[in-house]
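# This is a predicted model, with the sequence first.
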Amino acid sequence: MLAVVKYGQHDGEVELRDVPEPEPGLGEVLLKVAAAGVCGSDIEMWRHVITFAVNTPVIQGHEFAGTVAALGPGAEGFAVGDRVVSETAAYICGKCAYCRTGEYNLCPHRLGFGYGTNGAFCSYVRVPTRCLHRVPDAVPFEHACLTEPACVSYNAMVVKSDPRPGEAVVVIGPGPIGLFAVQVARIVGASPIILVGTDADAGRLQTGKGLGATHTLTAGKDDIAAAVADLTGPYGVPLVVDAAGNNATLKLSMDLVARNGQITKIGWGPKPVDLSLDPIISKAARLQGTFSHTWRTWEAVIALIASGEIDMRPMVTHDMPITEWNRAYHLVEDREAVKVVLRPA
């Protein structure tokens with residue numbers, strides 16, 4: 001089968017290869033991939049500017065959905081032909097304190113699809129049954145495969161934060177995670193919802209308006225702090241979500257957050273922060289990290305997608321075969337796409 005493989009530890013060391021089809025192991029299914037989303041981390045692995053270790057060679061792709069093609073020994077609860085979507089924690093130890101308390105996303109031994117073990121930019125992938133969730137018939141696979149980034153935002157906004165109806169939220173970074181964060185903020189009734197981007201994000205900012213952002217601001221053109229104060233008052237914002245991840249966005253977050261407020265940091269950045277965190281102390285504000293998701297989050301997000309509360313239609317801007325992976329990566333890197341969905345060859 002054809003697969004998009006990261007084969008080395010340098011910039012650009014990704015290529016399309018013909019690789020053997022896998023066989024499901026104990027407690028696993030063989031999942032026939034129907035659709036897989038391209039994540040910003042896939043681009044970072046391509047450029048090799050990532051902050052975590054990647055086992056190479058490895059098939060990329062961790063946002064995927066499809067049908068059960070075969071059952072491995074001991075695989076229970078699913079049948080051939082079932083429509084499913086998969087979580088990303090391909091391997092967890094099952095023994096540490098985090099696994100035992102249901103926070104397996106934080107298992108120190110966790111290996112994820114697409115970087116720690118083979119992912120889904122291909123035709124077939126091995127998946128443990130504990131990772132699988134059923135996809136309602138009304139949800140197309142090109143929407144179902146984006147459950148994972150929606151879960152990242154849901155975990156950040158609902159599990160790790162406390163947005164309240166009628167209270168302001170600022171989301172910095174209108175990439176897919178930021179746009180899903182806007183949708184979750186809308187669902188919980190936050191208002192106003194202010195989405196911040198750059199000149200390069202013009203299209204994504206416009207998409208954000210359709211998904212629930214009441215206001216959009218452009219760094220470099222707007223005085224962000226002054227504009228936010230005009231919209232929310234002089235005391236700052238209770239919740240600022242940094243979905244971009246660089247030091248400039250963290251500094252802006254500290255400027256915007258209210259006293260006793262919270263900054264929830266989703267975005268990763270490969271460079272040192274290189275600025276003082278004293279504003280957090282002086283404001284008695286919280287800086288909350290957030291990572292991945294758990295079973296409960298997935299079930300909630302699938303229900304929201306099925307009901308239409310989370311709208312996937314504007315999120316999928318490009319749909320193409322994996323043979324066009326290079327074009328897809330450039331579309332994401334250049335911010336010409338919101339989400340690109342890849343299909344097996």
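Nice, thanks for sending it over.
# distance from the centroid: which residue in the chain tops it?
Relative to the mean C-alpha coordinate of the chain, counting by CA atoms, centre = their mean, the farthest residue is P234 (32.2 Å).
# Give me the distance between it and D11.
46 Å (CB to CB, to the nearest Å). No exception for glycine: its C-beta is placed from N, CA and C like everyone else's.
# How about E23?
33 Å.
# domain ranges for this protein?
Following automatic domain parsing, one gets these domains for the chain: 2-146+312-343, 151-289.
# need the strands for the stretch 201-345 of the chain, in chain order.
215-218, 237-242, 257-265, 286-289, 316-321, 339-343 (DSSP state E, counting those that start in this stretch).
# Mean neighbour count for the ones you listed - can I get that in JSON lines?
Listed next are these as JSON lines, based on neighbours: other CB atoms under 10 Å:
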{"stretch": "strand 215-218", "mean neighbour count": "20"}
{"stretch": "strand 237-242", "mean neighbour count": "27"}
{"stretch": "strand 257-265", "mean neighbour count": "20"}
{"stretch": "strand 286-289", "mean neighbour count": "14"}
{"stretch": "strand 316-321", "mean neighbour count": "15"}
{"stretch": "strand 339-343", "mean neighbour count": "25"}
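# how about those in a markdown table, adding distance to C39 and mean pLDDT?
What follows is the strands of the stretch 201-345 of the chain, written out as a markdown table (distance: least, CB to CB, whole Å; pLDDT from 0 to 100):
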| stretch | distance to C39 | mean pLDDT |
| --- | --- | --- |
| strand 215-218 | 23 | 98 |
| strand 237-242 | 18 | 98 |
| strand 257-265 | 17 | 98 |
| strand 286-289 | 18 | 98 |
| strand 316-321 | 14 | 98 |
| strand 339-343 | 9 | 98 |
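# Reformat those strands as a markdown table; add distance to R296.
Putting the strands of the stretch 201-345 of the chain into a markdown table (distance: least, CB to CB, whole Å) gives the following:
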| stretch | distance to R296 |
| --- | --- |
| strand 215-218 | 32 |
| strand 237-242 | 21 |
| strand 257-265 | 18 |
| strand 286-289 | 19 |
| strand 316-321 | 25 |
| strand 339-343 | 24 |
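# Not counting its neighbours along the chain, what's nearest Q262?
Spatial nearest neighbour of Q262, chain neighbours left out: R286 (4.4 Å); criterion: CB to CB, 6 or more residues apart in numbering.
# For that neighbour, give its distance to G166.
21 Å.
# now N118
Counting by CB to CB, the gap from N118 to G166 is 46 Å.
# out of these two, which sits in the busier spot?
N118 (23 against 8; other CB atoms under 10 Å).
# what's that one in contact with, if anything?
Applying CB atoms under 8 Å, 6 or more residues apart in numbering, we find N118 in contact with 3, 22, 58-59, 125-126.
# thinking again about what came up before, quick check: which of the strands of the stretch 201-345 of the chain is nearest to D42?
strand 339-343 (9.6 Å; CB to CB).
# The closest one versus strand 316-321: what angle between them?
Strand 339-343 runs at 20 degrees relative to strand 316-321, counting by axes from the mean of the first three to the mean of the last three CA atoms, to 10 degrees.
# same for strand 339-343, what does it pack against?
Contacts defined by 3 or more CB pairs under 8 Å, 6 or more residues apart in numbering; DSSP states H and E place strand 339-343 against strand 28-37, strand 316-321, helix 325-333.
# what about 10 Å?
Applying 3 or more CB pairs under 10 Å, 6 or more residues apart in numbering; DSSP states H and E, we find strand 339-343 packed against strand 28-37, strand 63-71, helix 141-144, helix 176-188, strand 316-321, helix 325-333.
# how about the helices in the stretch 51-200 of the chain?
For the stretch 51-200 of the chain, the helices defined by DSSP state H, counting those that start in this stretch cover 97-100, 141-144, 147-154, 176-188.
# Tabulate these in JSON lines, adding columns for distance to E76, mean neighbour count and mean pLDDT.
Shown next, in JSON lines, are those (distance: least, CB to CB, whole Å; neighbours: other CB atoms under 10 Å; pLDDT from 0 to 100):
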{"stretch": "helix 97-100", "distance to E76": "20", "mean neighbour count": "14", "mean pLDDT": "98"}
{"stretch": "helix 141-144", "distance to E76": "22", "mean neighbour count": "24", "mean pLDDT": "98"}
{"stretch": "helix 147-154", "distance to E76": "22", "mean neighbour count": "26", "mean pLDDT": "98"}
{"stretch": "helix 176-188", "distance to E76": "32", "mean neighbour count": "26", "mean pLDDT": "98"}
